[in-house]
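# Next one to model:
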Amino acid sequence: MGISRSQLYRLFERTGGVARYIQRQRLLRICALLSDPADQRPIAAIAEDFCFEDASSFSRAFRQELGYSPSDFQSAARAGIPLIATRRPAIESEAVRFTDLFGEYRGL
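Next comes the predicted model:
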């Protein structure tokens, strides 16, 4: 990619850092799965598939990002009840694609 590690970290600084960006992207994918009535896996299994250490660390990260527990989010989403993030701005609106960040760096 032609970018140093320090440049990469500076690039992700406004999104809270590389690790925060990755976690946010994982949580976005999990939100989609929790909203899917066809996916009947337990929440803990979904969290494990996305490399969360355990159910409690996943639940804590999810609640910190959205302000709801994963089970509350899943129940509301499947019932068609929209939930508004209470802790942070909605993660969908904060979602930044890597290509957007890299394009800014390259002046594209």
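# I figured Ile43 hits Ser71, correct?
Yes - applying Cβ atoms under 8 Å as the test, Ile43 and Ser71 come out as touching, 6.2 Å apart. All C-beta spots, glycine's among them, are computed from the backbone N, C-alpha and C.
# Neighbours of Gln74, how many?
Using other Cβ atoms under 10 Å, Gln74 has 21 other residues around it.
# List of residues touching the one helix or strand it maps to?
Here Gln74 sits within helix 70-79, counting by DSSP states H and E. For helix 70-79, contacts defined as Cβ atoms under 8 Å, 6 or more residues apart in numbering pick out 30-31, 34-35, 37, 43, 47, 58-59, 62-63, 66, 68, 82-83.
# ok, now with 7 Å
31, 34-35, 37, 43, 59, 62, 66, 83 (Cβ atoms under 7 Å, 6 or more residues apart in numbering).
# so Leu28 is in which element?
Remark: Leu28 resides in helix 18-35, with elements defined by DSSP H and E.
# quick revisit: what about Ile43 and Ser71, which has more around it?
More neighbours surround Ile43 than the other of Ile43 and Ser71, with 19 against 12 (other Cβ under 10 Å).
# can you pull the contacts of that one?
Ile43 sits next to 70-71, 74 when contact means Cβ under 7 Å, 6+ apart.
# related to what we said a few turns ago, could you turn the buried ones of the contacts of helix 70-79 into a PyMOL selection?
Isolation of the buried members of the contacts of helix 70-79 (16 or more other Cβ atoms under 10 Å) is achieved in PyMOL through the command below:
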select buried, resi 31+34+43+59+62+66
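# In the contacts of helix 70-79, find the pair that's most separated.
Longest distance between any two of the contacts of helix 70-79 is 21.0 Å, between Pro37 and Ser59; criterion Cβ to Cβ.
# quick one: Asp49 from Leu8, how far?
Taking Cβ to Cβ, to the nearest Å as the measure, Asp49 falls 26 Å from Leu8.
# in the helix holding Leu28, what counts as buried?
Residues 21, 23-27, 30-31, 34 are the ones in helix 18-35 that count as buried (16+ other Cβ under 10 Å).
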